[in-house]
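Colleague: model this:
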Amino acid sequence: MAKKIVSDELWEIVEPLLPPEKPKPRGGRPPISNRAALTGILFVLKAGISWDMLPQEMGCGSGVTCWRRLRDWHEAGVWQRLHQVLLEHLRGADRLDWDRACMDSASIKAKKRGAATGPNPTDRGRPGTKRHLLTDRFGTPLAVRLTGANTHDSVLLEDLLDAVHPVAGRRGRPRQRPRKLHADKAYDARRCRRACRTRHIRPRIARRGIEDGQRLGRHRWVVERTFAWVEQMRRLATRYERRADIHEAFTLLGCSMICFKRLMRAF
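Modeller: Numbers count the residues shown, from 1 in each chain. Okay, here's the model as predicted:
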C-alpha cells in the first residue's frame, strides 16, 4: 500500500493550526477538504511539478485550489507556526542540540525573477535567490531567510539569529540562543562577532588568511547536508515562483517537513 503523503501524525499537528473555513451563506459546491489540499501542496513541493499538472485522480482538487490554500495559509501564518510547533516537539523529545549552531547560505536559480531575487555572481549574473539557513548541531532548521543572490552572507547574520523564536517544550525557560555559532569566512567581520557576543553566543567563524576552515568544517558540514535535504524537495531546487511569498511558503513548509522527519525518528 502506498504511503500517505499526509500521515495521521502530521495531520494531527497541522489541523489545529489551520484557520476556520469561511461560511458560504449562498451555498455552492462543498470545498476540497484541508487535508486533501495539503496533500496536493506537499505533492507539488516534493515532485517539483507545475500546479496544472497535479493529478486529478489524487482527489486534491485543482492546482489553483491548492495554490490558493498555500497562499492563504501563509498569509495566516500557518507555516511559521507549524515550524515553531515542530521545534517545540523536538525539544520536548530532546532532539534539539543548542550547544552548537551552524549558519550558511546557498543560491538557487530564479526562473521568473520577482521579489527577493538578484544577479547571482556565481552564475554569470543570472537572476537568483539566496537561501540563508541557521541549524542546530544536528542540522535541524531553526530559521530561514530569503534574499537576492547578490546579498552578502554577513548582512543576514543578525536577522537570522533574531528570527529564532523562543522554543518551549520542556520545563524551564524557552531556549532561543545557541552557545556557539559556526560559520565560514563569508561571516568574517567584526560586526558579526560583536553581534554574536551581544547575544551571548560564542562565535566560531573562520578567519580569512589565517584559518583554512578544515577544522571548523567538521562542525559546519551539517548545514550543507540540510541544504541537500531541502533541495531533495524538487520545487525548492529551483525557484519557479515569481511571487516571493509563495516561494517563502514552500521554503517554510520544506523546513517543517525536515523537522517532522526528525521528530518521527525520535519515536
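Colleague: Secondary structure class of R29, three-state.
Modeller: Secondary structure state of R29, per DSSP: H, G, I helix; E, B strand; the rest coil, is coil.
Colleague: no, scratch that, I was asking about R171
Modeller: Under three-state DSSP, the three-state class of R171 is coil.
Colleague: again with T65
Modeller: Applying three-state DSSP: T65 is helix.
Colleague: what's the neighbour count on it?
Modeller: T65 has 17 neighbours, counted by other C-beta atoms under 10 Å. No exception for glycine: its C-beta is placed from N, CA and C like everyone else's.
Colleague: neighbours around the closest residue to it other than its chain neighbours, how many?
Modeller: Counting by C-beta to C-beta, 6 or more residues apart in numbering, I32 is the residue found nearest to T65 once chain neighbours are left out, at 5.6 Å. For I32, the neighbour count with other C-beta under 10 Å is 17.
Colleague: shouldn't I32 be in contact with C60?
Modeller: Yes. Applying C-beta atoms under 8 Å, one finds I32 in contact with C60, separated by 6.8 Å.
Colleague: Give the residues shared as contacts by these two.
Modeller: The contact sets of I32 and C60 do not overlap (C-beta atoms under 8 Å, 6 or more residues apart in numbering).
Colleague: What is the longest helix seen in the chain packed up against?
Modeller: The residue-count maximum for a helix in the chain (DSSP state H) belongs to helix 244-265. When contacts are defined as 3 or more C-beta pairs under 8 Å, 6 or more residues apart in numbering; DSSP states H and E, helix 244-265 sits against helix 8-14, helix 34-47, helix 63-75, helix 78-92, strand 141-148, helix 214-232.
Colleague: 10 Å instead, please
Modeller: With contacts defined as 3 or more C-beta pairs under 10 Å, 6 or more residues apart in numbering; DSSP states H and E, the packing partners of helix 244-265 are helix 8-14, helix 34-47, helix 63-75, helix 78-92, strand 127-136, strand 141-148, helix 214-232.
Colleague: Of all the ones you listed, which one is nearest C192?
Modeller: The closest of the helices and strands packed on helix 244-265 to C192 is strand 127-136. By C-beta to C-beta, the value is 13.0 Å.
Colleague: Listing partners with orientation, what would you give for the closest one?
Modeller: strand 100-109 (antiparallel), strand 118-119 (antiparallel), strand 141-148 (antiparallel) (DSSP bridges).
Colleague: wait, which of the ones you listed is closest to G209?
Modeller: strand 100-109 (20.1 Å).
Colleague: any idea which helix or strand of this structure has the worst average confidence?
Modeller: helix 214-232 (a mean of 85; mean pLDDT, DSSP states H and E).
Colleague: In the chain, where is pLDDT below threshold?
Modeller: Low-confidence segments of the chain (pLDDT under 70): 1-2, 27-28, 211-217.
Colleague: switch the cut-off to 80
Modeller: 1-3, 22-30, 209-218, 266-267 (pLDDT under 80).
Colleague: how about stretch 70-83: buried residues?
Modeller: 70, 73-74, 78-83 (16 or more other C-beta atoms under 10 Å).
Colleague: typo on my end, stretch 126-140
Modeller: 126-137, 139-140.
Colleague: Distance to R197 added to those, as CSV?
Modeller: CSV is the format used below for the buried residues of stretch 126-140 (distance: C-beta to C-beta, whole Å):
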residue, distance to R197
R126, 38
P127, 36
G128, 32
T129, 30
K130, 25
R131, 26
H132, 20
L133, 22
L134, 17
T135, 21
D136, 20
R137, 20
G139, 25
T140, 24
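Colleague: Between those residues, which sits nearest V222?
Modeller: G139 (3.9 Å).
Colleague: isn't the closest one right up against K261?
Modeller: No. Between G139 and K261 there is no contact under C-beta atoms under 10 Å: 11.2 Å.
Colleague: anything in contact with each of these two?
Modeller: Here G139 and K261 have W229 as joint contacts, going by C-beta atoms under 10 Å, 6 or more residues apart in numbering.
Colleague: okay, stretch 49-56 in PDB with CA atoms only?
Modeller: Extracted in PDB, the C-alpha atoms of stretch 49-56 (Å, rounded to 0.1, in the frame of the first residue of the first chain):
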ATOM      1  CA  ILE A  49       5.700  19.700 -10.900                       C
ATOM      2  CA  SER A  50       3.700  22.700 -12.000                       C
ATOM      3  CA  TRP A  51       0.300  23.300 -10.400                       C
ATOM      4  CA  ASP A  52      -1.700  22.500 -13.600                       C
ATOM      5  CA  MET A  53       0.000  19.000 -13.700                       C
ATOM      6  CA  LEU A  54      -1.400  18.000 -10.300                       C
ATOM      7  CA  PRO A  55      -3.200  14.600 -10.900                       C
ATOM      8  CA  GLN A  56      -6.900  14.900 -10.600                       C
END
